[in-house]
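Enquirer: would you be able to build a 3D model of this:
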Amino acid sequence: MDIFSILSLVGGLALFLFGMNYMGTSLEKMSGGKLESVLEKMTNNRIKGVLLGAGVTAVIQSSSAVTVMAVGFVNSGIMTLHQAIGIIMGANVGTTVTGWILSLTGIESTNLFLTLLKPSSFTPVLTLIGVILYVFCKNEKKKDTGSILIGFSVLMYGMEAMSGAVEPLKEVPEFTNLLTMFSNPILGVLAGALLTAVIQSSSASVGILQALAATGSITVSSAFPIILGQNIGTCITAIISSVGTSKNAKRTAVVHLAFNTIGVVLAMILFYGLNALIGLPFIKEAVSAADIAIIHTVFNIFATVVLFPFGKQIERLACIIVRDKHEQEQSSLIDERFLISPSYALDKVKEKCDKMGELAEENISLCMEFIKVYSKNKDEKIKQNEKELDKCEDELETYLVKISSMNLNIDDSVKLSKLNHAIGNFERIGDYGVNILKIKRKMHKDNIHFSKEANRELEIMSRAVKEIVENSVKAFIEDDIDLAMRIEPLEQVIDNLKAELRARHSKRLKEDKCSIENGLLFFDVINSFERIADHCSNLAVCIIELSRRSYQTHSYLKEVKSNSNPSFMDTFEEYLIKYKVG
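Expert: Numbering: from 1, shown residues only. Okay, the predicted model is just below:
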């Protein structure tokens, strides 16, 4: 084997690993987080969990990604440890699909149909289609499809290059002698586990083994323990991802390791036991790429079928290994393991944003009740909600920064910027609620009271503010574009109310019907009301821009700015009548 063969081998390996990673990333991007949402919502039954785990893994071509996602689900409390076990078992079965696809490179036949199945026959066509879609198409989905085809093509070219580079090694006795070392079960398992742990992909390590099979020097006795070891090595990704998580999340990673390790031990006992008793005639035969795919599939199905009834026992074992401790665990709003699927991570941020909206709405509602009567209990509740809002803002904005550094499609990029916008508005709405609380707290402490006329005016404005907050939060949570379009007219009415109330109170000050201190506090309250409405208006624009009805919404916004939209004016007049101060 000369230097050029070595370069071809290294280059082929590089292309193979890059292609597998690029294809998996493109598949995940195209799925848009939908596969993860399916896993989250449909795992109440373990059989269903196995099927879903297998299906999702087969689609995104990564059992490691699915297992890491399961760790994240459990860590965030979205899923129980019991539910995650089914997903882990299914992921092991789903990952075998890659081996079957890669085994196509080993097809040798003069039959036209079989020759067409060989990657070297159809990969150039897929490459051409992929490049055309990626370079010339504007549509994001078509570009993603092109990326998938390009990744698959690079993967197959790398596989072919590796197979071609190692083929001359069958004439090298030293190489054959090296492979016979792995006939020792322990060495074979260790070698397979180490290789997979380094590249963190059992599919990739199986592909490398399939490429080496082209030499004809790998026998069943060498391949079998290596394949078993690869299933143990793939657990390293979940174990690394579980560092710093909750006890149950760590147990999820332990379940993955325990499941594969127990499966390996049982398979080795059965295989080598049968060989010792009856002598398996094929143990010294050379394996092909297809044979490796068969061994890989049979093992994973065998382990899943045998261990499926013992799910509770495996769960108990994980609880024994990772024991409960009494120290308090640090909790976060969203698990960072979801970042492997940006679309799904954004969906989780949206859920937390919805919660922020509800907290802000509750705070404003409580503050409105303060206009007449101060309450210590409500004071404490508002402060507690405000702390939660501040925590949400800090964690979610940091999380969005991490998502923004990833490869996002256009829809996700738009959603990210709008969510970032919404987080800030919800937090500021909560802040102005606290401002009102501080004013009322001072009035309670210093025994300051507004006049009956001032209280009546504040009551009218507070009802309008309460309505605009409720509508804004509901529109955001439900993505209700029609409700969002009613917010801007109400914000205009609140601006008019503020101007009217300022004028009325200024008149009372001039007539000495109100003290200067009372006047300043009154102005502070209505200023806070008006700023709350402004942030609701900002939120409405955010909701409208998130809508897919881009033409209608952009037209609406232009008309709102000019106040020439008849529907806007009708709604504006409706609110003026409803909140008339006179």
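
Enquirer: report the outermost residue of the protein with respect to its centre.
Expert: E511 (61.7 Å; CA atoms, centre = their mean).

Enquirer: distance check, that residue against G519.
Expert: Noted for E511: a distance of 12 Å to G519, by CB to CB, to the nearest Å. Using the backbone N, CA and C atoms, a C-beta is placed for each residue, glycine as well.

Enquirer: now do I240
Expert: According to CB to CB, I240 and G519 sit 62 Å apart.

Enquirer: also Q210?
Expert: Distance from Q210 to G519, by CB to CB: 83 Å.

Enquirer: these two: who's more crowded?
Expert: Set side by side, Q210 and G519 show more neighbours around Q210, with 28 against 17, by other CB atoms under 10 Å.

Enquirer: avg pLDDT for the host helix or strand of the more buried one?
Expert: Assigned by DSSP states H and E, Q210 belongs to helix 202-212. Helix 202-212 comes out with an average pLDDT of 80.

Enquirer: next one: the helix or strand just after that helix to chain centre, how far?
Expert: For helix 202-212, the following helix or strand on the C-terminal side (DSSP H and E) is helix 220-233. From the chain centre to the centre of helix 220-233 is a distance of 32 Å (CA atoms, centre = their mean, to the nearest Å).

Enquirer: and for the next helix or strand after helix 220-233, what are the contacting residues?
Expert: Using DSSP H and E, the helix or strand that follows helix 220-233 in sequence is helix 236-241. Helix 236-241 is contacted by residues 64, 67-68, 70-72, 196-197, 200, 252-253, 256-257, 337 when judged by CB atoms under 8 Å, 6 or more residues apart in numbering.

Enquirer: S462: which of these is nearest?
Expert: The closest of these to S462 turns out to be G72 (CB to CB; 42.2 Å).

Enquirer: need the helices for the stretch 1-150 of the chain, in chain order.
Expert: Taking DSSP state H, counting those that start in this stretch to define them, one finds helices in the stretch 1-150 of the chain at 3-31, 34-41, 46-60, 63-75, 81-94, 96-102, 112-117, 119-136, 140-166.

Enquirer: before we move on, the earlier item: can you show me the CA trace of the helix holding Q210 as CSV?
Expert: Taking Å, rounded to 0.1, in the frame of the first residue of the first chain, the C-alpha atoms of helix 202-212 are listed here in CSV:
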residue,chain,number,x,y,z
SER,A,202,-22.1,4.0,15.6
SER,A,203,-23.4,4.5,12.0
ALA,A,204,-20.1,6.0,11.0
SER,A,205,-18.0,3.3,12.7
VAL,A,206,-20.2,0.6,11.1
GLY,A,207,-19.6,2.3,7.7
ILE,A,208,-15.8,2.2,8.3
LEU,A,209,-16.0,-1.5,9.2
GLN,A,210,-18.0,-2.1,6.0
ALA,A,211,-15.3,-0.3,4.0
LEU,A,212,-12.6,-2.5,5.5
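
Enquirer: about what we covered before: selecting buried members of the contacts of helix 236-241 in PyMOL, what would you type?
Expert: A single PyMOL command selects the buried members of the contacts of helix 236-241 (16 or more other CB atoms under 10 Å):
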select buried, resi 64+67+68+70+71+72+196+197+252+253+256+257+337
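
Enquirer: in TSV: the contacts of helix 236-241, plus distance to M485.
Expert: TSV is the format used below for those (distance: CB to CB, whole Å):
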residue	distance to M485
S64	45
T67	44
V68	41
A70	41
V71	42
G72	37
T196	55
A197	55
Q200	49
T252	45
A253	48
H256	49
L257	54
R337	38
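
Enquirer: which single one of the contacts of helix 236-241 is nearest to V287?
Expert: Nearest to V287 among those, with distances taken as CB to CB, is T196, at 18.0 Å.

Enquirer: name the nearest residue to the closest one, ignoring sequence neighbours.
Expert: Once flanking residues are discounted, T196 sits nearest to G233: 2.8 Å by CB to CB, 6 or more residues apart in numbering.

Enquirer: then Y157?
Expert: Going by CB to CB, 6+ apart, Y157 has L15 as its nearest residue, at 5.7 Å.

Enquirer: over to L483?
Expert: Closest residue to L483 apart from its sequence neighbours, by CB to CB, 6+ apart: A475 at 4.2 Å.

Enquirer: helix, strand or coil: sort out the one you found for me.
Expert: With DSSP: H, G, I helix; E, B strand; the rest coil as the basis, A475 sits in helix.

Enquirer: can you count the residues close to it?
Expert: The burial count for A475: 24, using other CB under 10 Å.

Enquirer: OK, contacts around the residue nearest to T196?
Expert: Contacts of G233 (CB under 8 Å, 6+ apart): 192-197, 202, 205.

Enquirer: switch to 6 Å and redo it
Expert: Taking CB atoms under 6 Å, 6 or more residues apart in numbering, we find G233 in contact with 193, 196-197.

Enquirer: let's have these in TSV, adding secondary structure.
Expert: As requested, the contacts of G233 are exported to TSV (three-state DSSP):
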residue	secondary structure
A193	helix
T196	helix
A197	helix
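
Enquirer: of these, just say which sits nearest to T57.
Expert: Of those, the one sitting nearest to T57 (CB to CB) turns out to be T196, at 15.4 Å.

Enquirer: contact partners of the helix holding Q210?
Expert: 17, 20, 95, 98-99, 102, 162-163, 166, 195-196, 218, 230, 234, 289, 292, 296.

Enquirer: determine the angle, from 0 to 180 degrees, between that helix and helix 220-233.
Expert: 160 degrees (axes from the mean of the first three to the mean of the last three CA atoms, to 10 degrees).

Enquirer: now helix 202-212 against helix 140-166, angle please.
Expert: Here helix 202-212 points in a direction 40 degrees away from that of helix 140-166 (the same axes, to 10 degrees).

Enquirer: just how off-centre is helix 202-212 within its chain?
Expert: Centroid separation for helix 202-212 versus its chain: 28 Å, with CA atoms, centre = their mean.

Enquirer: then stretch 74-82?
Expert: 15 Å.

Enquirer: try stretch 124-141
Expert: Stretch 124-141 sits 26 Å away from the centroid of its parent chain (CA atoms, centre = their mean).
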